[in-house]
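Q: A structural model of the following input is requested.
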Amino acid sequence: MNNDDLRELLIRKVHNLIGEHLCGFRFKKVYDFYHTQKWFSVLDELLLDLAAIESKDPASNGMLKMLVNTSSAFSAIVIYRLSHMLINMDEDHQIYVEAAFKLTEISRQRFGIDIHPRARIGHSLVLDHSYGITIGETSIIGDNCYILGGTIIGARGIASNERRQRHPSIGNNVEVGAYTRILGPINIGDNVIISPYSVITSDINSNSIVRVSNQVQVINSKESIKPFHASAIVNHMNELIVYSKGFNLESCHFIDMNNEVIECIECYIQNTDEEGVHKVDITFDESINIAFHRKPNMFITGSDTSNGTQASLYMLNIYGLYNLLKSKQPSIKDQYVEYA
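A: Below you'll find the model as predicted:
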């Protein structure tokens, strides 16, 4: 399709948007913008947006007519361009402001894309897999930017933000990966690539690449992983025996329902059997006995026997064990908690 055909297609799309969603407004006044220079500028920007989608998104397959008619991401861009123009109209300003916010709400409800009509965004914008994109009121985004879904370009605070520049300013030729958060009145330079799941709250220089380091590293194959195992058995009125395998028990924390530590007890391995099961005796003193009305759980820490790295286990139902202790029934050996 040539540019004239695309312009005609875009005009029909905007006309349909207005007819479908702005029924409660004074149509003559809303349609007046068709004769303004701002409207022709919007058409030019939309043509550049389409060209950017065609050149950068291989899934478009050059089918621009289909994009105009079916793409939710491009429809959201059309709504943003139109609402941004309306909210900046000089005459009868309030009518256009209401129309702009009405269209923005349609974009939010139908496409899951929330772009404030007062945000300033340059030409050649691409929104890809765009559900969940949010762009705040005072955001400034340059030309030729590519933004993936789930991205939030917002303020750093949650409530009671000041009515001033509180959103990011982003340069030209910036690519933003999915689920990125760019927050606060910061500056992102030109030619920046931001990897998915980044959280950015400070300035980024031009010509930079922002990556999130993966803190989870594969250290063993699945076949070599040995699960930790621990169990606790009632022994005497003030004694609990903990058995563990693959885990060197070093300390025991009793915590209440609010995760507050009641007592911390250092643990020492008494012996280890042929199968590598460690035995630890834990003896309660008077303070832990008194504190048991807080219904504690037990959190034990230690190290992996295979490589010495720190590890922890969270063992439940210790309060039930203590009730057994109070009942003076040490013969009940099958009552225990287990984590594997």
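
Q: do I have it right that Ser83 meets Pro117?
A: Yes - the pair Ser83 and Pro117 qualifies as a contact (Cβ atoms under 8 Å) at a distance of 3.8 Å. Glycine gets a C-beta too; all of them are placed from N, C-alpha and C.

Q: between those two, who's got more neighbours?
A: More crowded of Ser83 and Pro117, by other Cβ atoms under 10 Å: Ser83, with 26 against 23.

Q: ramachandran angles for His7?
A: To be clear, residue 7 is Arg; His isn't right here. phi -60, psi -40 (degrees, to the nearest 10).

Q: how much space between it and Gly112?
A: To Gly112, Arg7 is 28 Å away according to Cβ to Cβ, to the nearest Å.

Q: same check, this time on Asn205
A: 32 Å.

Q: over to Tyr146?
A: Using Cβ to Cβ, we find Tyr146 at a distance of 18 Å from Gly112.

Q: neighbour-wise, which of the two wins?
A: The neighbour count for Tyr146 versus Gly112, taken as other Cβ under 10 Å, is higher for Tyr146 (19 against 16).

Q: wait, isn't the more buried one in contact with Ser124?
A: No - counting by Cβ under 8 Å, Tyr146 stays clear of Ser124, with 9.1 Å between them.

Q: what is in contact with those two at once?
A: The contact sets of Tyr146 and Ser124 overlap at Ala52 (Cβ atoms under 8 Å, 6 or more residues apart in numbering).

Q: residue boundaries of the helices in this structure?
A: Here the chain has its helices, by DSSP state H, at 3-21, 27-31, 37-56, 64-70, 72-87, 93-111, 286-291, 318-326.

Q: quick one: the first one to helix 72-87, angle?
A: Regarding helix 3-21 and helix 72-87, their directions subtend 80 degrees when assessed with axes from the mean of the first three to the mean of the last three Cα atoms, to 10 degrees.

Q: could you chop this structure up by domain?
A: Following the assignment in automatic domain parsing, the chain carries domains at 3-210, 222-339.

Q: kindly check the end-to-end length of the first one for me.
A: This means domain 3-210. Taking Cα to Cα, to the nearest Å, the first and last residues of domain 3-210 lie 37 Å apart.

Q: stretch 152-167 too?
A: End to end - Cα to Cα - stretch 152-167 spans 10 Å.

Q: where does pLDDT dip in the stretch 1-150 of the chain?
A: Residues of the stretch 1-150 of the chain that meet the criterion pLDDT under 70 lie in 1, 23-35, 91-92.

Q: going by neighbour count, list what's buried in stretch 58-70.
A: Under the neighbour-count criterion of 16 or more other Cβ atoms under 10 Å, stretch 58-70 has Ser60, Leu64, Leu67, Val68 buried.

Q: thought the second one was touching Leu47?
A: In this case it means Leu64. No - taking contacts as Cβ under 8 Å, Leu64 lies outside contact range of Leu47: 9.6 Å.

Q: need the overlap of contacts for those two.
A: Common neighbours of Leu64 and Leu47 (Cβ under 8 Å, 6+ apart) are Leu6.

Q: in the stretch 151-300 of the chain, where is pLDDT below threshold?
A: 213-249, 253-270, 275-276, 278, 282-300.

Q: try 50
A: 215-227, 290 (pLDDT under 50).

Q: might you report the residue contacts of Asp190?
A: By Cβ under 8 Å, 6+ apart, the contact list for Asp190 reads Gly142, Gly171, Asn172, Asn173, Val174, Ser206, Asn207.

Q: swap in 7 Å and give it another go.
A: Contacts for Asp190 (Cβ atoms under 7 Å, 6 or more residues apart in numbering) come out as Gly171, Asn172, Asn173, Ser206.

Q: what is the burial count for the residue nearest to Asp143 when sequence neighbours are not counted?
A: Nearest non-adjacent residue to Asp143, counting by Cβ to Cβ, 6 or more residues apart in numbering: Gly122, 3.6 Å away. By other Cβ under 10 Å, 16 other residues sit near Gly122.

Q: the one 10 residues further on now?
A: By the other Cβ under 10 Å criterion, the neighbourhood of Gly132 contains 16 residues.

Q: do the same with Thr138
A: Residues near Thr138, counting by other Cβ under 10 Å, number 18.

Q: hang on, it packs against His167?
A: Yes - using Cβ atoms under 7 Å, Thr138 is in contact with His167, at 4.4 Å.

Q: need phi/psi at Ser208.
A: Per-residue torsions, Ser208: phi -110, psi 160 (degrees, to the nearest 10).

Q: let's number from 702 now, not from 1
A: Happy to do that; since the first residue is 702 now, the last one works out to Ser909.

Q: just to revisit the earlier point, who touches both of Ser784 and Pro818?
A: Ala801, Thr805.

Q: quick one: Leu849 and His794, what's the gap?
A: Applying Cβ to Cβ, the value for Leu849 to His794 is 35 Å.

Q: more neighbours, these two?
A: Neighbour totals were compared for Leu849 and His794, and Leu849 leads with 20 against 12 (other Cβ under 10 Å).

Q: which residues does that one bridge with?
A: Note on Leu849: beta-bridge partners by DSSP bridges are Asp829.
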